[in-house]
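S.K.: Need coordinates for the below:
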Amino acid sequence: MEDLTSKIRIDCWNNALDCLGFSYIYSKKISKIEVWLRWSKALGLIIPVALGGMVSTYYTNKEIMDWALLIASPIAIAQLIVSSYLIAVGSDEKLTSYMGKSAEYSLLRGEFEQLAKYPIANSDEYKHKFEILSERASGIGKGNYEVTDPEKRMGMRYGLREFNRECVQCKTVPYSMKATECDVCGNF
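M.R.: Residues are numbered from 1 along each chain as shown. Have a look, this model is predicted:
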């Protein structure tokens with residue numbers, strides 16, 4: 001019975017590390033999308049307001065109007081292209097999906113940690129709770145097809161760093177997120 005409990009505790013810590021890594025990966029994806037969405041929204045607001053201000057202020061001065069249109073037009077076209085691209089690739093939907101996955105993995109990490117820290121005396125009940133959490137993690141993981149191998153290695157490095165654990169391949173404990181040549185916790 002003690003061996004089963006020990007094995008489940010080890011598996012709980014490993015799953016907590018994995019969940020932390022995936023939560024980190026999705027938070028990075030969220031950050032990238034948010035930057036583009038912010039720029040798109042800012043330019044979509046600034047250009048029309050600035051152009052409207054110029055028109056209402058200098059509508060009688062043709063030379064200033066020509067310069068204003070000359071400067072604003074390329075920026076407006078760039079903003080239109082970026083906004084169209086973001087809409088076409090479904091950035092809002094991806095952002096929502098990534099936020100949900102990041103939150104779910106974060107929650108699961110906490111639950112795996114709790115199960116690892118405070119094992120239940122009844123080993124059958126302990127195993128059952130572990131299986132339920134593992135099934136939830138498996139269900140969330142089915143949608144991880146957008147996560148690349150370099151991103152997985154980055155998530156592994158983050159998890160190893162946070163849990164202060166040694167990488168199984170390079171035998172070092174990562175203290176930074178600087179990529180190394182390791183094929184388990186680097187090369188990202």
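S.K.: tally of neighbours for residue 165?
M.R.: Using other C-beta atoms under 10 Å, residue 165 is surrounded by 15 other residues. For glycine as for every other residue, the C-beta is placed from the backbone atoms N, C-alpha and C.
S.K.: Could you do residue 42 as well?
M.R.: The burial count assigned to residue 42 is 11, neighbours taken as other C-beta under 10 Å.
S.K.: Contact partners for it?
M.R.: Residues in contact with residue 42 (C-beta atoms under 8 Å, 6 or more residues apart in numbering): none are found.
S.K.: May I ask which helix or strand encompasses it?
M.R.: For residue 42, the element it lies in under DSSP states H and E is helix 2-58.
S.K.: Figure out how far that helix is from the centre of its chain.
M.R.: Chain-centre distance of helix 2-58: 5 Å, with C-alpha atoms, centre = their mean, to the nearest Å.
S.K.: same deal with stretch 169-185?
M.R.: The chain centre lies 20 Å from the centre of stretch 169-185; the measure is C-alpha atoms, centre = their mean.
S.K.: How far does it stretch from one end to the other?
M.R.: 8 Å (C-alpha to C-alpha, to the nearest Å).
S.K.: what's in contact with it?
M.R.: With C-beta under 8 Å, 6+ apart as the test, stretch 169-185 has contacts from 153-154, 156-158, 160-161, 164-168, 186-188.
S.K.: rerun that using 7 Å as the cut-off
M.R.: 153, 156-158, 160-161, 164-168, 186-188 (C-beta atoms under 7 Å, 6 or more residues apart in numbering).
S.K.: quick one: buried residues of stretch 149-169?
M.R.: 151-161, 163, 167 (16 or more other C-beta atoms under 10 Å).
S.K.: could I get these as a markdown table with secondary structure and distance to residue 138?
M.R.: Converted to a markdown table, these look like this (DSSP: H, G, I helix; E, B strand; the rest coil; distance: C-beta to C-beta, whole Å):
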| residue | secondary structure | distance to residue 138 |
| --- | --- | --- |
| 151 | helix | 19 |
| 152 | helix | 16 |
| 153 | helix | 21 |
| 154 | helix | 22 |
| 155 | helix | 17 |
| 156 | helix | 18 |
| 157 | helix | 23 |
| 158 | helix | 21 |
| 159 | helix | 18 |
| 160 | helix | 22 |
| 161 | helix | 25 |
| 163 | helix | 21 |
| 167 | coil | 24 |
